[in-house]
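Trainee: next comes the sequence, and after it the predicted model I'd like to discuss.
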Amino acid sequence: MAKRKGSHAHYEIMFEDFLRENNILYIAVDETRRPVIDGGSVKNFDFIVSSFNGKYLVDIKGKDFSSRTWDNWVHESDLTGLKIWGNHFNAFIPLLVIPYLITNTKDIQVLQPYADIRKFKGKTYGIIGVTLADYYSRAKIRSKKFTAIYVSRQDFLEICKPLSHFIPEFKKNW
């Protein structure tokens with residue numbers, strides 16, 4: 001498994017554990033070594049995943065779940081990086097994967113139509129996928145200061161899908 005650091009590492013560790021558990025072909029990307037293109041660095045994504053349903057450039061964006069907000073903001077560099085990588089690897093679909101950490105069990109029912117639910121190391125996650133194209137087409141500026149982008153709750157619920165929609169092997173052990 002790749003070495004992951006930071007407070008959000010558990011989202012990536014959970015995702016990688018799932019890939020390994022289900023023998024899904026993947027490459028974990030070293031996020032600390034950013035490539036330089038046209039004099040500027042490009043943010044890396046987290047995984048290359050080959051599924052029965054397609055090939056994906058996956059960027060994990062873990063969030064705590066709130067049914068009120070459906071928080072889904074990302075940094076502009078996340079989108080720009082995925083777009084650049086997607087242009088260079090055009091046989092791959094850039095995919096934002098949002099594992100929501102569920103702390104209130106009542107939220108499982110709210111998430112289930114939109115997410116795959118997975119337990120890992122005593123925590124429960126609702127995992128959603130959204131293509132970069134769908135996210136980008138509905139994105140709005142959340143904060144110019146922090147270069148944060150988001151999609152409104154209503155629009156997000158229209159474009160997000162359970163991860164198993166993209167990677168059907170994800171539902172295997174449920």
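Mentor: On my side now, so go ahead.
Trainee: in what helix or strand does the residue nearest to the spatial centre of the chain lie?
Mentor: Per C-alpha atoms, centre = their mean, the C-alpha nearest to the average position across the chain is that of residue 97, at 1.7 Å. Element membership of residue 97 [criterion: DSSP states H and E] is strand 93-102.
Trainee: next SSE downstream of that strand?
Mentor: Once the chain leaves strand 93-102, the next helix or strand it forms, by DSSP H and E, is helix 107-111.
Trainee: distance from the chain centre to the least confident helix or strand in the chain by mean pLDDT, please.
Mentor: Sorting the helices and strands of the chain by mean pLDDT, DSSP states H and E puts strand 36-37 at the bottom, at a mean of 76. When C-alpha coordinates are averaged (C-alpha atoms, centre = their mean, to the nearest Å), strand 36-37 and its chain have centres 23 Å apart.
Trainee: now the angle from the helix or strand in which residue 129 is found to strand 93-102?
Mentor: Counting by DSSP H and E, the element that carries residue 129 is strand 123-131. The directions of strand 123-131 and strand 93-102 differ by 150 degrees, with axes from the mean of the first three to the mean of the last three C-alpha atoms, to 10 degrees as the criterion.
Trainee: tell me the strands in this structure, going along the chain?
Mentor: Listed from the start of the chain, the chain has strands (DSSP state E) covering 25-28, 36-37, 40-41, 47-51, 54-60, 63-64, 74-75, 93-102, 116-120, 123-131, 140-143, 148-150, 161-162.
Trainee: lowest-confidence stretch among those strands?
Mentor: Of all the strands of the chain, the segment with the smallest mean pLDDT is strand 36-37, scoring a mean of 76.
Trainee: hmm, who's touching that one?
Mentor: Taking C-beta atoms under 8 Å, 6 or more residues apart in numbering as the criterion, the residues outside strand 36-37 that touch it are 42, 84. All C-beta spots, glycine's among them, are computed from the backbone N, C-alpha and C.
Trainee: partner strands of it and their direction?
Mentor: Strands adjacent to strand 36-37 in the sheet, as given by DSSP bridges, are strand 40-41 (antiparallel).
Trainee: so what's the gap between the strand it pairs with and the chain middle?
Mentor: Relative to the chain's own centre, strand 40-41 is displaced by 22 Å; criterion: C-alpha atoms, centre = their mean.
Trainee: what does stretch 139-157 give?
Mentor: Offset of stretch 139-157 from its chain centre (C-alpha atoms, centre = their mean): 15 Å.
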